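[1] Give the three-dimensional model of this entry:
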Amino acid sequence: MVRLKDIAQQAGVSVMTVSKVLRDAPDISAPTKARVRALANQMGYVPDSTAQSLRTRTSKFFGVVIPAATDPTFARILLALEERAFELGIELILSHSLNQEGREEVCIQRLLARRVDGIFIWPAHRMRPDARIFQTLAERRTPVVILGPPAPFCRQFVSVGTDDLLASYSATQHLLQLGHRKIAYFTGPNAAIWSQERYEGYRRALREAHLEVDERLVFQAGSTIEDGAAAALQFVNESTQATAIQAVNDTVAIGCATTFLQQGVRIPQELSIVGFGNIMTSEYFRVPLTTLREPKYRLGIAAMDLMQKLLRGEPVEARRMQAELIVRSSTGAPPANGQALAGDPVLAIAGNP
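    As a prediction, this is how the structure comes out:
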């Protein structure tokens, strides 16, 4: 391993001079800096980040805790965080909570043990109003930015996310304006704040249209393609007579739409479907999906900017960004005869037992 002493001997200068050059100290001449840096590169010198951390009391690491990087919701957020971190000379340590409280706590504890300078967290779902690990973070005064709307147990931290309620409200309004009056809703995890806000947006739009919120049109669907497919089966078997479905996210919408298409249901002629998120698949789905485009990349940039302010001791405020309704082929006017989806109850998804 090349040491500062080795570079100093080759350059014919002191170890202190080499150290100052590598720190870009102002009291070293430009020619000396150029010569020492060129020699350091030639010799393959790599700075000791541990030693630098001890000297500066910063690790140049940020932790990121999300449910799973395989979830398309997080792809562009992570890209934005990494790009900004790269520009700042900071590295990210990624951990997956898998939406499990115990695993999330271990992930955060490990990041604290690594002495990261700050942590970005998409919290695991909890129904309780408090959580021990978030109390620990607050007591330690760890810089934390919450990704997504904050739950009661983490509201002491600054957050950045989409205005889920307003976005969902606009999706329901879109269906109402097309003439739909029986709109089913496929909900997400009950404990997730973003899921609660999206459901409330749907409810608010119906109330403003002087329509009752019919609980028989609300189906628990989770957050995956498989969840959407299962909810679609329940929807048909219960003969709800709804002419449109609003899903909590795109993966649920794609799961249910795939099921209906396999059963010969025409979208949107017989049934309109709206998603949420605008993941890449939604645009290239068999029936391009009407959805809400979340500003995922800008969310990541905003989150990193908030973190930088926290580290500088500057005042910060939560950020809520607007989503944009993207109208594609999966929504249209309800059937002209006013008849909802008809046919015999579906017992299984085509191709599955």
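[2] which residues of the stretch 51-200 of the chain fall in helices?
    75-87, 101-113, 132-140, 164-178, 193-208 (DSSP state H, counting those that start in this stretch).
[3] Output the ones you listed as a markdown table; include the columns mean neighbour count.
    Placement of C-beta: from N, CA and C, glycine included. Converted to a markdown table, the helices of the stretch 51-200 of the chain look like this (neighbours: other C-beta atoms under 10 Å):
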| stretch | mean neighbour count |
| --- | --- |
| helix 75-87 | 17 |
| helix 101-113 | 17 |
| helix 132-140 | 15 |
| helix 164-178 | 21 |
| helix 193-208 | 20 |
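[4] Out of these, which gets nearest to Ile93?
    Of all those, helix 101-113 sits nearest to Ile93, with 6.3 Å by C-beta to C-beta.
[5] So which elements touch that closest one?
    Counting contacts by 3 or more C-beta pairs under 8 Å, 6 or more residues apart in numbering; DSSP states H and E, helix 101-113 is packed against strand 61-66, strand 91-96, strand 118-121, helix 132-140.
[6] and Arg126, which of the helices of the stretch 51-200 of the chain is closest to it?
    helix 101-113 (6.3 Å).
[7] between that closest one and helix 132-140, how big is the angle?
    Relative orientation of helix 101-113 and helix 132-140, computed by axes from the mean of the first three to the mean of the last three C-alpha atoms, to 10 degrees: 30 degrees.
[8] what's next to helix 101-113, contact-wise?
    Applying C-beta atoms under 8 Å, 6 or more residues apart in numbering, the external contacts of helix 101-113 come out as 63, 65, 93, 95-97, 119, 121, 123-124, 126, 131-133, 136-137, 140, 142.
[9] who touches Leu176 in this structure?
    Counting by C-beta under 8 Å, 6+ apart, Leu176 touches Ile183, Ala205, Leu206, Ala209.
[10] quick one: contacts for the third one?
    Residues in contact with Leu206 (C-beta under 8 Å, 6+ apart) are Thr172, Leu176, Ile183, Glu212, Val213.
[11] and the last one, how many neighbours?
    It stands for Val213. 14 (other C-beta atoms under 10 Å).
[12] Hmm, Arg216 is touching Glu238, no?
    Yes: counting by C-beta atoms under 8 Å, Arg216 sits close enough to Glu238 to count as a contact (7.3 Å).
[13] more crowded one of the two?
    In this view Arg216 and Glu238 are compared by other C-beta under 10 Å, and Glu238 has more residues nearby, 14 against 11.
[14] May I ask which helix or strand encompasses Glu314?
    Assigned by DSSP states H and E, Glu314 belongs to no helix or strand.
[15] So Thr240: helix, strand or coil?
    At Thr240, secondary structure determined by DSSP: H, G, I helix; E, B strand; the rest coil is coil.
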